[in-house]
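1. Return atomic coordinates for the entry below.
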Amino acid sequence: GVVAICAGANKVYPWASLIIGFVGGIVYKFGAKTLHQLKIDDPLDASVVHLGGGAWGLISVSLFAASDSIFYDGGASHTWDMFGWQIAGLATIVTWCAFNSLLLF
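-> Down below sits the predicted model:
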């Protein structure tokens with residue numbers, strides 16, 4: 001939950017941060033279970049915490065932001081633009097990390 005709220009900590013209401021943290025915990029549990037089933041060794045589950053929680057947190061900003069978000073202004077086109085930019089940012093981050101991980105490891 002802590003990683004998930006980092007992206008939108010200054011943008012969401014306290015009740016929304018509880019939802020974001022709760023969903024972040026669920027994402028972590030499913031991700032950790034998947035890693036264990038795939039027999040991928042990550043003793044601290046750091047990849048699940050940061051990739052899963054971080055991805056959910058990044059997307060949740062466009063959903064729960066106190067202004068200009070899908071849940072508050074869903075009919076406005078700029079809210080969906082923000083959602084698209086969040087997805088594009090997530091894709092960029094994942095690509096950057098995967099590329100550099102392949103170079104280093």
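
2. mind listing the strands in the chain by residue range?
-> Using DSSP state E, no strands are found in the chain.

3. Pull out the buried residues from the helix or strand of it with the lowest mean pLDDT.
-> Sorting the helices and strands of the chain by mean pLDDT, DSSP states H and E puts helix 70-73 at the bottom, at a mean of 88. Across helix 70-73, burial judged by 16 or more other C-beta atoms under 10 Å covers Ile70. Backbone N, C-alpha and C define where each C-beta goes, glycine included.

4. Likewise for stretch 13-27?
-> 16-17, 19-21, 23-25, 27.

5. top helix in the protein by residue count?
-> helix 77-104 (DSSP state H).

6. to the chain's geometric centre, what's the distance from that one?
-> 11 Å (C-alpha atoms, centre = their mean, to the nearest Å).

7. re earlier: and which of the buried residues of stretch 13-27 is nearest to Ala65?
-> Ala16 (8.5 Å; C-beta to C-beta).

8. Grab the nearest non-local neighbour of the closest one.
-> Residue nearest to Ala16 in three dimensions, not counting chain neighbours: Phe64, with 4.0 Å by C-beta to C-beta, 6 or more residues apart in numbering.

9. could you list every residue that touches that neighbour?
-> 8, 11-13, 16, 19-20, 71 (C-beta atoms under 8 Å, 6 or more residues apart in numbering).

10. Give me the pLDDT value at the residue lying closest to Val48 once chain neighbours are set aside.
-> Among residues not flanking Val48 along the chain, Gly31 sits closest, at 3.6 Å (C-beta to C-beta, 6+ apart). In this model, Gly31 is scored at 94, pLDDT.

11. so what's Gly31 up against?
-> 45, 48, 51-52.
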